[in-house]
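A.B. asks: Coordinates for the following, if possible.
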Amino acid sequence: MELETHALTKRYGSKTAVDRLSLVLSNGVYGLLGANGAGKSTLMRLLCGLQRPSTGQICLDGQDIASLGERYRGLLGYLPQNFAYYPDFTARDFLLYIAALKGIGTGRAGQRASELLEAVGLEKEGRRRIRNLSGGMKQRLGIAQAMLNEPRILILDEPTAGLDPKERVRFRNLISAFSRDRIVILSTHIVSDVENIAEEIIMLKSGQLLHFGRPREITAEIQGKVWECLVPAENAEWYRGILNVSNLRNLDGGLTALRVISEDRPMDKAQPVEPCLEDLYLYYFKGENEK
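C.D. replies: Got it, this is the predicted structure:
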């Protein structure tokens with residue numbers, strides 16, 4: 001299965017949110033990265049058919065998704081950034097309701113609800129009203145509803161928002177297992193989540209494609225631009241104010257190790273280190289507002 005965009009463009013008046021974007025996606029996990037206003041959510045809504053492009057085309061296996069209609073929507077699972085729910089429904093009843101909207105038969109719906117409540121760690125919460133669930137539990141319920149119809153294309157906007165570290169590990173394992181023979185696109189500002197599970201990264205800036213490739217491939221651009229600097233602990237905050245620091249680690253002996261992104265050696269004893277995806281993100285988006 002291949003999902004393609006051809007010079008995909010979406011304008012809102014004079015603002016261009018997605019600008020001539022061309023991608024070819026096949027089975028696997030894709031991480032969508034970019035600062036606030038980069039066009040990530042607009043791209044996901046376009047891929048879900050919730051908005052129509054101003055120009056350009058989205059095709060599944062060579063067919064325009066507009067012509068596929070319900071057949072295409074039947075292949076989709078979607079978790080929007082602001083997940084809507086009915087607070088008086090129990091978690092299980094909500095999944096059964098969404099299953100009915102998706103045309104899943106009663107027997108299969110009950111089976112899938114049980115499977116997914118267990119998969120997202122909510123098997124003991126199925127009879128609780130959603131309004132009484134924690135924020136992380138509601139987010140996990142949102143992930144479950146997106147997967148009800150066993151979609152071939154799963155699109156998740158900020159799926160790890162509100163999840164604690166243990167829940168995020170569970171989510172990553174769930175997505176890794178689910179992604180076999182499927183296209184999974186997830187957007188998040190927790191770069192480590194993307195780095196751990198995404199096979200390829202789509203990085204957008206101002207609606208345009210900045211990078212598309214495997215994490216190790218795209219981070220090669222900043223090889224030789226990431227440094228470790230040891231500074232006195234009492235001066236660490238001052239250095240953070242003048243340098244692009246991606247990480248800070250306190251050491252014994254009153255020293256602090258700073259991970260610094262810089263075109264040139266930031267200080268005499270700075271040592272080059274291997275770049276990671278978070279370094280690349282800060283290299284491009286330091287100082288830009290995030291969602």
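A.B. asks: Low-confidence ranges, the stretch 101-250 of the chain, go.
C.D. replies: Within the stretch 101-250 of the chain, not a single segment meets pLDDT under 70.
A.B. asks: Would you state the helices of it in chain order?
C.D. replies: Secondary structure of the stretch 101-250 of the chain (DSSP state H, counting those that start in this stretch): helices located at 106-119, 135-146, 165-178, 191-197, 215-219, 236-242.
A.B. asks: element containing residue 284?
C.D. replies: For residue 284, the host element (DSSP states H and E) is helix 277-285.
A.B. asks: List of residues touching that helix?
C.D. replies: Applying CB atoms under 8 Å, 6 or more residues apart in numbering, the contact partners of helix 277-285 are 33-35, 191-192, 194-195, 201, 203, 205, 210-211, 215, 218-219, 221-222, 225-226, 244, 246-247, 259, 261. From N, CA and C alone the C-beta is placed, and that goes for glycine too.
A.B. asks: follow-up on the earlier one: mind giving me CSV with the helices of the stretch 101-250 of the chain and columns for mean neighbour count and distance to residue 125?
C.D. replies: Converted to CSV, the helices of the stretch 101-250 of the chain look like this (neighbours: other CB atoms under 10 Å; distance: least, CB to CB, whole Å):
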stretch, mean neighbour count, distance to residue 125
helix 106-119, 16, 7
helix 135-146, 22, 6
helix 165-178, 16, 13
helix 191-197, 19, 23
helix 215-219, 17, 35
helix 236-242, 13, 41
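A.B. asks: The ones you listed: which one's closest to residue 61?
C.D. replies: Each of the helices of the stretch 101-250 of the chain has some distance to residue 61 by CB to CB; the shortest is helix 165-178, at 20.6 Å.
A.B. asks: Quote the end-to-end distance of stretch 176-188.
C.D. replies: This stretch, stretch 176-188, spans 16 Å end to end (CA to CA, to the nearest Å).
A.B. asks: list the buried ones in that stretch?
C.D. replies: Residues of stretch 176-188 classed as buried: 178, 179, 182, 183, 184, 185, 186, 187, 188 (neighbour count, 16 or more other CB atoms under 10 Å).
A.B. asks: picking up where we left off before, just put the helices of the stretch 101-250 of the chain in CSV and tack on distance to residue 29.
C.D. replies: CSV is the format used below for the helices of the stretch 101-250 of the chain (distance: least, CB to CB, whole Å):
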stretch, distance to residue 29
helix 106-119, 17
helix 135-146, 14
helix 165-178, 6
helix 191-197, 5
helix 215-219, 11
helix 236-242, 33
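A.B. asks: My guess is residue 219 contacts residue 276. True?
C.D. replies: Yes: counting by CB atoms under 8 Å, residue 219 does reach residue 276; the two are 6.3 Å apart.
A.B. asks: Which among the helices of the stretch 101-250 of the chain is found nearest to residue 17?
C.D. replies: helix 191-197 (21.1 Å).
A.B. asks: could you turn the closest one into PDB, dropping everything but the C-alphas?
C.D. replies: C-alpha atoms of helix 191-197 as PDB (Å, rounded to 0.1, in the frame of the first residue of the first chain):
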ATOM      1  CA  VAL A 191      11.100  14.000  20.100                       C
ATOM      2  CA  SER A 192      12.400  11.000  21.900                       C
ATOM      3  CA  ASP A 193       9.100   9.200  21.300                       C
ATOM      4  CA  VAL A 194       9.500   9.700  17.600                       C
ATOM      5  CA  GLU A 195      13.200   8.700  17.600                       C
ATOM      6  CA  ASN A 196      12.400   5.500  19.400                       C
ATOM      7  CA  ILE A 197       9.700   4.100  17.100                       C
END
